[in-house]
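Chemist: Return a 3D structure for these sequence lines:
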Amino acid sequence: MLNSKYLLKTFFTILILISSNTLFAQQASEINFYDNIAPIIHKNCTPCHQPNKSAPFSLIKYEDVAKRAKFIGRVTQSRYMPPFPADRKFQSYLNERGLTVGEIATIKLWIEGGMKEGKSIDNNKLSSTVDMVHFADSQDKKPDLVLKMNNPYQISGENLEDFRFFSLPSNTSKDEYIEAVGFNPGNKKVVHHSRLMVDTTNHIRGIDGLSETDPKVYEFQKTALKDEFLYGWVPGNDKISFPKGTGIKLNANSDFLLNMHYAPSPVLETDQSEILLFFAKQKVEREVRNITLRENDISNKPFLIKAGEKKTFFISKKIDKSISVISVLPHMHLIGKNFRAFAVTPNGEVVNLVKIDNWEFNWQMTYQFKKLLKIPAGSTFIVEASYDNSDENPENPNIPPIDIGYGWGTKDEMFNLVLYYLDYQEGDENIEQNR
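Modeler: Modelled structure (predicted):
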């Protein structure tokens, strides 16, 4: 015979489950766009999905979201969107994006429940295109200098990828300090990504308009750049801002170099993208500097991935002064697979920087820390990057595979970690950064 206490416990368990499910079903039936979905979309999607931003369509109004609801459901459940390649368990960031399990479930239940609109009765909710665009514009300072490509560039309608270099002279008459930098694609349909570099010699202006495959490019590569990777833009990457009272020095009359990737297009298109520079108005007390850990720092040289080979490279770099890290930017090309970087302090403490388990060439970001990260003098940066040059790699640009080494071209490879930092001052680790 069954124990009476067991029967009583089972009864109450079933009663609780029934009550919970009834309550959950009631809550699910009440999910609507304005009360439940709009706050999720506006926070995580609309910053890119609005007019004149990087995404190809807007997600602002109910009609925008309902029209693509099933697609949104798929890409959020798979965590493909919103894009954020770095492992947020390894380190957290000021500019990180991602939905909670509850937010993903809420979107799913809203779709399954018939995508109820609800009533927009709260004036604080950004429920119209006008309000959202006004809100976004009001959050952004106007740039002090906009550098547009010298001439519109025509992309052929032959459905071929196009990789180009452009030179944009700053023509500044004095040194300035950059407190933030961003990029505006001129044609979102074809601009795939861009990389921003700085040259102070004015000797590379002849690269303007040249294809990556032009032999002349390799001659220009012989000139050392002041910044090899000042900023990288892909859809979804934000402008980067530096802490108040700091900035990157821009020498007078410097040239900016754009390395542009245009996606294949079946029709003729034109592009005239632009760089957005925000200069410090107040006195800059501390200069933002950068360290680029790169191929020359590799401990297991040479930097060559032979045809058919899968290989991991390592960098170990010791620093002799204490620094406060603002952000990190990992960089590889098409056959990169995973990336990890951290620092080991003299007392053995590990400071995690960034970890990407599934490298995505099309989603390269600057990862800005919530607070400045102190890296003490005598610490060692450890960076690891793996590459797959086999025919099993669907991202391999060469089938059959060929040997791949260093180069600016997308079909070449690179191994970089760019760190923006300040010379350490006491209390830096308590400074919270602002976007």
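Chemist: the helices in this structure, which residues?
Modeler: Per DSSP state H, the chain carries helices over the ranges 4-29, 38-44, 62-67, 69-77, 101-112, 129-139, 216-220.
Chemist: For those, which has the smallest mean pLDDT value?
Modeler: Among those, helix 129-139 carries the lowest mean pLDDT, a mean of 42.
Chemist: worst-scoring helix or strand of this protein, pLDDT-wise?
Modeler: Lowest by mean pLDDT, DSSP states H and E among the helices and strands of the chain is helix 129-139, with a mean of 42.
Chemist: Which residues are in contact with residue 374?
Modeler: 322, 323, 324, 325, 424, 428, 429 (CB atoms under 8 Å, 6 or more residues apart in numbering). Backbone N, C-alpha and C define where each C-beta goes, glycine included.
Chemist: Mind listing the residues bridging to the fourth one?
Modeler: Residue 325 has these beta-bridge partners by DSSP bridges: residue 373, residue 421.
Chemist: ok, it to residue 291 distance?
Modeler: 9 Å (CB to CB, to the nearest Å).
Chemist: so what sits against both of those two?
Modeler: Residues touching both residue 325 and residue 291 (CB under 8 Å, 6+ apart): 419, 421.
Chemist: Looking at these two, which has the bigger crowd around it?
Modeler: residue 325 (22 against 17; other CB atoms under 10 Å).
Chemist: quick one, strands of the stretch 151-300 of the chain?
Modeler: Secondary structure of the stretch 151-300 of the chain (DSSP state E, counting those that start in this stretch): strands at 153-155, 162-169, 176-184, 191-199, 227-233, 240-241, 246-250, 255-262, 269-271, 274-279, 286-287, 289-293.
Chemist: The first one pairs with which strands, and in what direction?
Modeler: When you say that, I think you mean strand 153-155. strand 269-271 (antiparallel).
Chemist: could you give me the average pLDDT of the strand it pairs with?
Modeler: For strand 269-271, the per-residue pLDDT averages 96.
Chemist: same deal with stretch 151-171?
Modeler: On average, the pLDDT along stretch 151-171 is 93.
Chemist: same check, this time on stretch 381-397
Modeler: For stretch 381-397, the mean confidence score works out to 97.
Chemist: quick one: that stretch to chain centroid distance?
Modeler: In terms of CA atoms, centre = their mean, to the nearest Å, the gap separating the centre of stretch 381-397 from the centre of its chain is 19 Å.
Chemist: Under the pLDDT cut-off, which ranges of the stretch 151-300 of the chain? List them.
Modeler: Counting by pLDDT under 70, the stretch 151-300 of the chain shows low-confidence ranges at 235-236.
Chemist: What count of nearby residues applies to the residue lying closest to residue 378 once chain neighbours are set aside?
Modeler: Spatial nearest neighbour of residue 378, excluding adjacent residues (CB to CB, 6 or more residues apart in numbering): residue 346 at 4.2 Å. Other residues lying near residue 346 total 11 when counted by other CB under 10 Å.
Chemist: right, and residue 346 touches residue 379 too?
Modeler: Yes: assessed by CB atoms under 8 Å, residue 346 is found in contact with residue 379 at 6.5 Å.
Chemist: Residue 93 against residue 86, yeah?
Modeler: Yes: taking contacts as CB under 8 Å, residue 93 lies within contact range of residue 86: 6.9 Å.
Chemist: Need the overlap of contacts for these two.
Modeler: Residues touching both residue 93 and residue 86 (CB under 8 Å, 6+ apart): residue 367.
Chemist: These two: which has the busier surroundings?
Modeler: Per other CB under 10 Å, whichever of residue 93 and residue 86 has more neighbours is residue 86, with 22 against 19.
Chemist: List the contacts of the more buried one.
Modeler: 93, 96, 354, 355, 356, 365, 367.
Chemist: State the distance from the fourth one to residue 367.
Modeler: For residue 355, the distance to residue 367 equals 10 Å [CB to CB].
Chemist: Neighbour count: these two, which is higher?
Modeler: A direct count of neighbours by other CB under 10 Å for residue 355 and residue 367 places residue 367 higher, at 22 against 19.
Chemist: Tell me, what's the model's pLDDT at residue 362?
Modeler: Model confidence at residue 362, given as pLDDT, is 77.
Chemist: That one touches residue 232, doesn't it?
Modeler: No: checked against CB under 8 Å, the pair residue 362 and residue 232 is beyond contact range at 11.4 Å.
Chemist: Find residues that contact each of these two.
Modeler: With CB under 8 Å, 6+ apart as the test, residue 362 and residue 232 both reach residue 193.
Chemist: what about these two, which has more around it?
Modeler: For residue 362 versus residue 232, neighbours defined as other CB under 10 Å are more numerous around residue 232 (20 against 15).
Chemist: tell me the contacts of residue 152?
Modeler: Applying CB under 8 Å, 6+ apart to residue 152 gives the contacts 186, 270, 271, 272.
Chemist: how about a cut-off of 10 Å?
Modeler: Residue 152 makes contact with 186, 187, 269, 270, 271, 272, 273 under the criterion CB atoms under 10 Å, 6 or more residues apart in numbering.
Chemist: what does residue 251 give?
Modeler: Residues near residue 251 by CB under 10 Å, 6+ apart: 170, 172, 174, 175, 176, 198, 199, 200, 226.
Chemist: Return the residues in contact with the residue nearest to the fourth one when sequence neighbours are not counted.
Modeler: The shortest distance from residue 175 to any residue that is not its chain neighbour, by CB to CB, 6+ apart, is 5.4 Å, and that residue is residue 252. Neighbouring residues of residue 252 by CB under 10 Å, 6+ apart: 170, 171, 172, 173, 174, 175, 176, 200.
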